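J.: Quick one, fold the following:
(one chain, ligands or ions: 1)
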Amino acid sequence: MFKFIKHFRTVREHRKMVRQGCFRVGLYMQGLTHDLSKYSPSEFLMGVKYYQGYRSPNNAEREAKGYSQAWIHHKGRNKHHYEYWTDYKPGYREGEGHAIVPTRMPKKYLVEMYVDRVAASAIYNKGHYTCDMPLQYYRKGDYTNLMEESTRTELEHLLKMLAEKGPDVTEAYIRNVILRFHPGARLASFIQSKVRIMASKRTLEILNVFEKMYGRQTRCYLNYEEPWQLLVATILSAQCTDARVNIITKDLFVKYKTIADIAGADISEFEQDIKQAGFYHSKAKNIIACAKMLTREFGGVVPSDIDELTQLPGVGRKTANVIRGNIYGIDSIVVDTHVKRISKRLGLTGEDDPEKIEFELMKRVPKDYWILINMWFITFGRTVCKAQSPKCQECQLAGYCRECDFLRKTSRKVQKKAPRSRKA
Ligand code: SF4
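T.: Numbering: from 1, shown residues only. Next up, the predicted model:
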């Protein structure tokens, strides 16, 4: 029963992702009918029996039986698989009679195959999915004699574009170039442009409310005088409040006056100096290693380049962006716990992973607001939109809030279900 439910959910989730992908490029009928054969007993029951969760059950079935009955059933019924597009070619080789050869796939099925591969990769790689994974998977196979040459070239081109330029550019290319004569693609382009205009209008309205509330004056909640001090304070601030970090660094920066002093610090003593910040063993180890690398490889100067910063021990994208924004004034978005929570509540992102949130916000929010939203969201998160018990009654952004919408709908449902009181 457990495998039955899990497999059903995987199929449903996969179909949903493909449907959304097909709708975005205008293949509406294919989005609705994609992989329906997976619910047939021949495929579904085998899928349940060989369910694994991290790869296709067809592979497990092949290993067990030497072939996959479910796959043979599936490829004969779904035109988005290149295996469907083979045909006899009379006189293929002189004197050898007929041969079965791959034929060119119609564009709409080629695009459906691309969407299918991307969705499968996202589902089997779950939270680790990145845009280059479908290309990596494709490159593991040898399609030379199985997929018609122009189909192979076009698929590879799309997967490369996805890896290098992301899904939005690739989908726009599909709508405007590959499916340019398809009526659905024109409708999808129109819908996408409307959605983008509405989303950007909504985002600008949200930013205006924040600007009215907090102005454009930026500030950093961590106290520092030198760039290296901000770097140390930011590493300390993981899982710790800024107020506590400021108490610790007040004495710390008197005791250790330069980054070289920290590089030469005794680790046990340093651990005691920062103990109140929590996780002090790993933080002390990282800070001292970071200080050593800074003095050794960067002459004691905190770099501004994101790749150089993230090479330093204990420095991830969040810390690197704090440095870039506050020290160098480079437009950058810091996704901390407040930015993550508020972006989600205001519907500015649907992602959970901080890096994905950062890139989504970079796409949606105009660049001259990137540093500002760090300060706005943190202030708002601390004073109004707290993680526990947010002050929704006094929130000026309630009209844009997804969570508040949800709460309203939930309370409406509860009210409907509540028994009516009897008349006296
Ligand atoms: S309505 Fe409530 S949950 Fe929504 S943004 Fe405002 S404070 Fe946060």
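
J.: Break this structure into its domains for me.
T.: 2-35+78-181, 227-399 (automatic domain parsing).

J.: Any idea which of those has the lowest pLDDT on average?
T.: Lowest mean pLDDT of the domains of the chain: domain 2-35+78-181, a mean of 89.

J.: sorry, back to before: would you mind putting the domains of the chain into TSV with mean neighbour count and distance to the ligand alongside?
T.: (Glycine included, C-beta is placed from N, CA and C.) Formatted as TSV, these follow (neighbours: other CB atoms under 10 Å; distance: least, CB to the nearest ligand atom, whole Å):
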stretch	mean neighbour count	distance to the ligand
domain 2-35+78-181	17	24
domain 227-399	18	3
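
J.: can I get those domains in CSV with distance to residue 53?
T.: Formatted as CSV, the domains of the chain follow (distance: least, CB to CB, whole Å):
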stretch, distance to residue 53
domain 2-35+78-181, 6
domain 227-399, 19
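
J.: Only the buried residues of the helix or strand in which residue 48 is found, if you could.
T.: Assessed by DSSP states H and E, residue 48 sits inside helix 41-49. Within helix 41-49, the residues scored as buried using 16 or more other CB atoms under 10 Å are 43-44, 46-48.

J.: tell me what the helix or strand harbouring residue 362 is packed against?
T.: Assessed by DSSP H and E, residue 362 sits inside helix 354-364. Packing contacts for helix 354-364, counted by 3 or more CB pairs under 8 Å, 6 or more residues apart in numbering; DSSP states H and E, involve helix 183-214, helix 317-326, helix 337-345, helix 370-383.

J.: Report the spatially nearest residue to the spatially most central residue of the chain, omitting neighbours in sequence.
T.: Nearest to the geometric centre of the chain sits residue 356, at 3.7 Å (CA atoms, centre = their mean). Closest residue to residue 356 apart from its sequence neighbours, by CB to CB, 6 or more residues apart in numbering: residue 349 at 7.7 Å.

J.: That neighbour is in contact with residue 343, isn't it?
T.: Yes - using CB atoms under 8 Å, residue 349 is in contact with residue 343, at 4.6 Å.

J.: hey, what's in contact with both of the two?
T.: Common neighbours of residue 349 and residue 343 (criterion: CB atoms under 8 Å, 6 or more residues apart in numbering): 357, 360-361.

J.: For residue 198, which of the domains of the chain is the nearest?
T.: domain 227-399 (11.6 Å; CB to CB).

J.: still on that earlier bit, tabulate the helices and strands packed on helix 354-364 (CSV), appending distance to residue 175.
T.: Listed next are those as CSV, based on distance: least, CB to CB, whole Å:
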stretch, distance to residue 175
helix 183-214, 4
helix 317-326, 32
helix 337-345, 27
helix 370-383, 29
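
J.: Is residue 281 in a helix, a strand, or coil?
T.: With DSSP: H, G, I helix; E, B strand; the rest coil as the basis, residue 281 sits in helix.

J.: show me what contacts it?
T.: Contact analysis of residue 281 by CB under 8 Å, 6+ apart lists residue 271.

J.: Over to residue 9?
T.: Contacts of residue 9 by CB under 8 Å, 6+ apart: none found.

J.: which residues of the chain fall in strands?
T.: Ranges of strands in the chain, per DSSP state E, are 86-89, 99-102.

J.: Convert the helix holding residue 362 to CSV, retaining C-alpha atoms only.
T.: Output in CSV follows, covering the C-alpha atoms of helix 354-364 (Å, rounded to 0.1, in the frame of the first residue of the first chain):
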residue,chain,number,x,y,z
PRO,A,354,17.9,30.2,-0.2
GLU,A,355,19.9,30.2,-3.4
LYS,A,356,16.9,29.7,-5.6
ILE,A,357,15.0,32.4,-3.6
GLU,A,358,18.0,34.7,-4.2
PHE,A,359,17.8,34.1,-8.0
GLU,A,360,14.1,34.4,-8.1
LEU,A,361,14.1,37.7,-6.2
MET,A,362,16.9,39.0,-8.5
LYS,A,363,14.6,38.3,-11.5
ARG,A,364,11.5,39.9,-10.0
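
J.: Columns distance to residue 224 and pLDDT on top of the buried residues of helix 41-49, output as TSV?
T.: TSV is the format used below for these (distance: CB to CB, whole Å; pLDDT from 0 to 100):
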residue	distance to residue 224	pLDDT
43	60	90
44	60	91
46	61	89
47	56	87
48	58	90
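
J.: Also within reach of the ligand: list those from these.
T.: Among the buried residues of helix 41-49, no residue lies close to the ligand (CB under 6 Å from any ligand atom).

J.: What lies in contact with the helix holding residue 48?
T.: Residues contacting helix 41-49 (CB under 8 Å, 6+ apart): 3-4, 7, 11, 37-38, 57-58, 61, 68-70, 73-74.

J.: Dump it to CSV, keeping only the CA atoms.
T.: Extracted in CSV, the C-alpha atoms of helix 41-49 (Å, rounded to 0.1, in the frame of the first residue of the first chain):
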residue,chain,number,x,y,z
PRO,A,41,-2.7,-1.6,-15.2
SER,A,42,0.2,-2.7,-17.4
GLU,A,43,2.3,0.3,-16.3
PHE,A,44,0.9,1.3,-13.0
LEU,A,45,1.1,-2.1,-11.3
MET,A,46,4.7,-2.6,-12.5
GLY,A,47,5.5,1.0,-11.3
VAL,A,48,4.2,0.1,-7.8
LYS,A,49,6.0,-3.2,-7.7
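
J.: No further queries at this time; thank you.
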